[in-house]
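S.K.: got a predicted structure plus its sequence, pasted below:
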Amino acid sequence: MLSRVAERLYWMGRYLERAEDTARLINVNTHLVLDLPKDTALGWEPLVFIMSAEGPFFARYPAAGETEVVRYMVGDRDNSCSILSSLHQARENLRTTRDVVPREAWEKLNDLYQYAASQGEKSIGRRARFTFLTHVIDGCQLLAGLFAGTMSRGPGYDFARIGRNLERADMTTRIIDVRSASLLAHASGELVPFETIQWVSVLKSLSGHQMYRRHVHVRVNGEDVVWFLLQDRSFPRAVYHCLNEVQVSLGKLPRHEVPRRHVARLKQQIGNAGVEDLSREGLHDLIDALQIALGRLHDRIRATYFLGDAPVARSDSMAA
């Protein structure tokens, strides 16, 4: 497989995952804001920080209100992490690799992008937001199912799978980092009565509430949620599980020694972390180290398999 084709499939996987996760975040945050009293400090600003977009966002908007944040994260073409930009980048990468993927996948992704481009503005208001975001999430899930059910197991499938799981691990660490800042040991007094609601929202952001209840068997609390999302071996959006999937896919590719060793060290770092003993600052330091390591893993994959000057539609803002 040509390296430029491999890179495009890798970035397609990342951007589809980014669009889906962003839609999940906005959807869950909408419901969380409705569940909390109006005078609580928690609002829409955390979503900007989850995406590491505070610089560009506040350069354009004076405050992180609901309308501004939703518009920025749904349909802003200048925001590389918005749903519309992510679907556009995924579509551009798939458009030039249509000969190695099922035709139905291209058609579904093109339809999904056209829907987001034409209907995204309507999601700014709450009335149509749920319908729009659910359609995006369902569309991304449908595409994942198409690839899993109809694409031959070869290098192309493995690169798309690596991209999807690496982006998923990165997003999970971001959600844990930002959401836990006000919820762990030093949470502000006004939010203490609503801790359970907020930790449930963290799980729902990753569609993990039901699986948490099935496998953890205790009430929702911060320490167990952090453990579940970082170290659980079987939940598909847990960081450890995502890295294991990356490791398996890399093992099917040639010249995998260096990136696989890096994944193995990352898994060991996560597995050895005593999350129950971490303060808020300790958890933040751990997440910082994991995000830096994920960025380095991306760099090693790129150096091993991709051409640096290939004309691929991508943005490294999240990977960095």
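M.R.: Looks like it arrived, so ask away. Residues are numbered from 1 along each chain as shown.
S.K.: so which elements touch the longest helix seen in the chain?
M.R.: The single longest helix within the chain, with elements called by DSSP state H, is helix 3-35. Contacts defined by 3 or more Cβ pairs under 8 Å, 6 or more residues apart in numbering; DSSP states H and E place helix 3-35 against helix 45-50, helix 66-74, helix 83-95, helix 126-150, helix 155-180, helix 195-205, helix 280-305. Backbone N, C-alpha and C define where each C-beta goes, glycine included.
S.K.: now the second one: buried residues?
M.R.: In other words, helix 66-74. 66, 68-74 (16 or more other Cβ atoms under 10 Å).
S.K.: Arg95: which of those residues is nearest?
M.R.: When these are ranked by distance to Arg95 (Cβ to Cβ), Val74 comes first, at 22.2 Å.
S.K.: tell me the pLDDT at the closest one?
M.R.: On pLDDT, Val74 comes in at 94.
S.K.: any idea how far it is from Ser85?
M.R.: 10 Å (Cβ to Cβ, to the nearest Å).
S.K.: same question, His31
M.R.: In terms of Cβ to Cβ, His31 sits 24 Å off from Ser85.
S.K.: list the contacts of Ile50.
M.R.: The neighbours of Ile50, taking Cβ atoms under 8 Å, 6 or more residues apart in numbering as the test, are 25, 171, 174-175, 177-179.
S.K.: just curious, which of those is nearest to Gly156?
M.R.: Among those, and counting by Cβ to Cβ, the member closest to Gly156 is Met171, at 23.1 Å.
S.K.: my guess is Lys204 contacts Val28. True?
M.R.: Yes. Assessed by Cβ atoms under 8 Å, Lys204 is found in contact with Val28 at 4.8 Å.
S.K.: more neighbours: which of the two?
M.R.: Set side by side, Lys204 and Val28 show more neighbours around Val28, with 22 against 19, by other Cβ atoms under 10 Å.
S.K.: helices of the stretch 201-320 of the chain, start to end?
M.R.: 209-216, 222-231, 239-251, 257-271, 280-305 (DSSP state H, counting those that start in this stretch).
S.K.: now for the second one, which elements pack on it?
M.R.: In this case it means helix 222-231. In terms of contact count using 3+ Cβ pairs under 8 Å, 6+ apart, helix 222-231 is assigned the packing partners helix 155-180, helix 195-205, helix 209-216, helix 239-251, helix 257-271.
S.K.: mean pLDDT lowest where, among the ones you listed?
M.R.: It's helix 195-205: among the helices and strands packed on helix 222-231, that one has the lowest mean pLDDT, namely a mean of 83.
S.K.: OK, contacts around Met151?
M.R.: By Cβ under 8 Å, 6+ apart, the neighbours of Met151 are 101-102, 105, 157, 160.
S.K.: now these in a markdown table, with neighbour count?
M.R.: Listed next are the contacts of Met151 as a markdown table, based on neighbours: other Cβ atoms under 10 Å:
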| residue | neighbour count |
| --- | --- |
| Val101 | 22 |
| Pro102 | 16 |
| Ala105 | 21 |
| Tyr157 | 19 |
| Ala160 | 30 |
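S.K.: okay if I get those as TSV plus distance to Met151?
M.R.: Listed next are those as TSV, based on distance: Cβ to Cβ, whole Å:
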residue	distance to Met151
Val101	6
Pro102	6
Ala105	8
Tyr157	5
Ala160	8
